[in-house]
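> starting from these lines, generate the structure:
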Amino acid sequence: MMKTQLAAAVLVALSACATNTPPELPTGTWKGTATNGSITEYQFDANNLRFQYGLAGSGGFLPLITGSYSVDYQQLTLDGSFVDPETGDVSYGKVQFDSFYSNGTTMCDNGYLASSAPTTGIVATWTAVEAMQDTDASGNPVGSPSDTSDSYTFAADGSFTTPTSAGTYTVSGNIVTTTIAQNNTAAVEQFSLVDGVAMCDPAYTKVAN
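Take a look at the predicted model:
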């Protein structure tokens, strides 16, 4: 979830989910490694409801987003300042992730949730809807909010479709691997399946309280 990704897309509510258990309020430090190798980290201070999000690697932690956060059932809201990692420019906004999921040890900030409980494997439509509102430094809205949605529909024959593409998938344990043929190459992405409820890349693991 880079700042550029957030500006392009951020999440709104799903109509149904495979669990009725509200996710826990995240606390402490969470780290995730995406398919492309990027390592990102959340640092949550639940006492003050403050957070930092940024890049985590051999060079240490580079904060990209700093501000306040809240959780309302499956909705994670991040409100603060965004730093462009390439230019250093600072902007402000509010990000809403309505398919947030956490079981206390593994977390999906921007995951896909099944529209109904899969009856066989992961056969179902999994959807993420994202929304972002630009603000000024005082938190006042600037312009209109933006929102987009994305989905994967997995079929029993090992194929899947999205609104813009189609491909094949495999499931091994809690890893879902999707493959989309592109000319003479293939675009491969691996999602972590968390508790059979959420699917995300990356999944964040709690590494410190």
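
> hey, let's count contacts and neighbours off CA atoms from now on
Noted.

> report the central residue of this protein.
When Cα atoms, centre = their mean is applied to the chain, the residue found nearest the centroid is Asn110 (1.6 Å).

> in three-state terms, label that one for me.
With DSSP: H, G, I helix; E, B strand; the rest coil as the basis, Asn110 sits in coil.

> the biggest strand by length in the chain pairs with which strands, parallel or anti?
In the chain, assigned by DSSP state E, the strand with the most residues is strand 60-72. Paired neighbours of strand 60-72 in the sheet (DSSP bridges): strand 50-57 (antiparallel), strand 75-83 (antiparallel).

> what's around Gly143, how many residues?
9 (other Cα atoms under 10 Å).

> now Ile180
The number of residues packed around Ile180, counting by other Cα under 10 Å, is 17.

> apart from its chain neighbours, what residue comes closest to it?
Nearest residue to Ile180, sequence neighbours excluded (Cα to Cα, 6 or more residues apart in numbering): Gly167, at 4.5 Å.

> and the residue nearest to the centre of the chain, how far from Phe97?
Going from Asn110 to Phe97 by Cα to Cα, to the nearest Å gives 6 Å.

> please apply the same query to Gly196.
From Gly196 across to Phe97, the span is 19 Å (Cα to Cα).

> Ser151: which element?
Using DSSP states H and E, Ser151 maps to strand 146-154.

> list the buried residues for that strand?
By neighbour count with 16 or more other Cα atoms under 10 Å, strand 146-154 contains the buried residues 146-147, 151-154.

> then stretch 170-178?
Of all the residues in stretch 170-178, those buried under the rule 16+ other Cα under 10 Å are 171, 176, 178.

> quick one: strands adjacent to the helix or strand hosting the first one?
Taking DSSP H and E as the criterion, the element that holds Val171 is strand 166-172. As defined by DSSP bridges, the strand partners of strand 166-172 come to strand 159-161 (antiparallel), strand 175-182 (antiparallel).
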